[in-house]
Each structure stands twice: as structure tokens, then as C-alpha cells.
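Chemist: structure here, sequence nowhere to be found:
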């Protein structure tokens, strides 16, 4: 398949989604991704958090050495 055919198929797919009022993951246009914040996630760090937004997962930890 050429890039032109794939591009046309993608345009049709996007047009169908827009007409149905949905995004490709099933959420409506006005629905945000699910957000989860877990504080103090790492027990031996002075500060930490795990943040999940949709399929993105971020882990942050702070350790202080004096």
C-alpha cells in the first residue's frame, strides 16, 4: 500500500470517529484520560509519587544525602 492509500484510510477512520463523537480509545471529546496520583510511593525516599495518566505511568523519587 502506498502512503496515499494509508492516508486516505486514516482520514476516513478519523471522520467516522468524529461523526460518532468518540476518540480512538472510546472516550468522548469532553472526557479526559483517567488520572491517578499516589503520594509516598517509594518507602525509603524522602518524597515520591506515582502518576498514571491514561497509558502513561511515571514514577518519581527524591532521596536527600547530607
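Modeler: On my side now, so go ahead. Everything numeric here is computed off the predicted structure, so don't read it as measured data.
Chemist: what helix or strand is residue 12 located in?
Modeler: Residue 12 is located in helix 3-20, with elements delineated by DSSP states H and E.
Chemist: domain map for the protein?
Modeler: Recorded structural domains for the chain (assignment: automatic domain parsing) are 1-29, 32-66.
Chemist: start and end of the last one, how far apart?
Modeler: What it means is domain 32-66. Chord length of domain 32-66, first to last residue, is 41 Å (C-alpha to C-alpha, to the nearest Å).
Chemist: and it, what's buried?
Modeler: Judged by neighbour count (16 or more other C-beta atoms under 10 Å), domain 32-66 contains these buried residues: 48, 49, 50. Every residue, glycine included, has its C-beta placed from N, CA and C.
Chemist: going by distance to residue 39, which of these wins?
Modeler: Using C-beta to C-beta, residue 49 is the member of the buried residues of domain 32-66 that sits closest to residue 39, with 5.3 Å.
Chemist: could you list the low-pLDDT ranges of the chain?
Modeler: For the chain, the stretches flagged by pLDDT under 70 are 1-3.
Chemist: ok, and the closest non-adjacent residue to the residue most central in space within the chain?
Modeler: Most central in the chain under C-alpha atoms, centre = their mean is residue 54, positioned 3.5 Å from the mean C-alpha point. Distances taken as C-beta to C-beta, 6 or more residues apart in numbering put residue 33 closest to residue 54, at 3.7 Å, once the chain neighbours are dropped.
Chemist: who does residue 47 bridge with?
Modeler: Beta bridges link residue 47 to residue 62, judged by DSSP bridges.
Chemist: isn't it up against residue 41?
Modeler: No - the pair residue 47 / residue 41 is not scored as a contact, 9.7 Å apart, by C-beta atoms under 8 Å.
Chemist: what residues are shared contacts of these two?
Modeler: Residues touching both residue 47 and residue 41 by C-beta atoms under 8 Å, 6 or more residues apart in numbering: residue 61.
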